[in-house]
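Colleague: need a structure here:
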Amino acid sequence: MTLTATFTASLKADQNGPNTFADEFSPSLSKLQRLADGTGANQADLIYAAERSVATASNDDLDLSGTLTDAFGATITMAEMVGIIVINQAKDGTANTTDLTIGGATNPFIGFLGATDTIGPIKPGGSFMLFAGDADGIGTVTAGTGDILRIANSSGATAAYQIAILGRSA
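Modeller: Residues are numbered from 1 along each chain as shown. Below you'll find the predicted structure:
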């Protein structure tokens, strides 16, 4: 498998003051993260992407070291995570009604989180994205003791969500 990933995120807003002669403020942020195929800095060689479902008031624990499979059915065993995107919405655009939280599992992946830290709530229709292409990525995956990425759903309804994880096998 050859992997080439390009992620682009941008934000642009025009804000005008209370009258037509006020100063205009136009912030613009953008970031392009390019990753080539490989296991070094600015590279990744594994991708997991899926739409998943988590029941009301339940957890979806993803084992980053040996149980996830790629699009071809091959088992993925990550040594480092390089990027993650979580979207609290089904691929077809169906809205969720509950919040999602990342982290807080037993034997948690703690690269960008502490052992008990979480990120969230990710509101319905909201998203979370984090990438680091340097040699360390966003964290090391430790099989058996630090390899579970939890997606927790608040109570109220089952939630379908989208997730993509980029990683390195070494």
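Colleague: starting from residue 64, give me the distance back to the residue nearest to residue 113 when sequence neighbours are not counted.
Modeller: Using Cβ to Cβ, 6 or more residues apart in numbering and skipping the chain neighbours, the partner closest in space to residue 113 is residue 103 (4.5 Å). All C-beta atoms are positioned from the backbone trio N, CA, C, and that covers glycine. Note on residue 103: its distance to residue 64, by Cβ to Cβ, to the nearest Å, is 13 Å.
Colleague: those two: which is more packed in?
Modeller: residue 64 (26 against 21; other Cβ atoms under 10 Å).
Colleague: hmm, that one is touching residue 82, no?
Modeller: No - using Cβ atoms under 8 Å, residue 64 is not in contact with residue 82, being 11.7 Å away.
Colleague: who touches both of those two?
Modeller: Common contacts of residue 64 and residue 82 (Cβ atoms under 8 Å, 6 or more residues apart in numbering): residue 167.
Colleague: now do the shared contacts for residue 103 and residue 64.
Modeller: Joint contacts of residue 103 and residue 64 (Cβ under 8 Å, 6+ apart) are residue 149.
Colleague: sorry, back to before: do you know how far the residue nearest to residue 113 is from residue 135?
Modeller: For residue 103, the distance to residue 135 (Cβ to Cβ) stands at 23 Å.
Colleague: model confidence for residue 27, exactly?
Modeller: Listed pLDDT for residue 27 reads 66.
Colleague: then residue 7?
Modeller: Model confidence at residue 7 (pLDDT) stands at 60.
Colleague: what number of residues lie near residue 144?
Modeller: Neighbour tally, residue 144, other Cβ under 10 Å: 10.
Colleague: scratch that, residue 152
Modeller: 22.
Colleague: skipping its backbone neighbours, what lies nearest it in space?
Modeller: Excluding its sequence neighbours, the residue lying closest to residue 152 (Cβ to Cβ, 6+ apart) is residue 101, at 4.4 Å.
Colleague: residue 159 now?
Modeller: For residue 159, the spatially nearest residue (Cβ to Cβ, 6+ apart) is residue 96, at 4.4 Å.
Colleague: ok, now residue 36?
Modeller: residue 43 (5.0 Å).
Colleague: what do you get for residue 131?
Modeller: residue 83 (3.8 Å).
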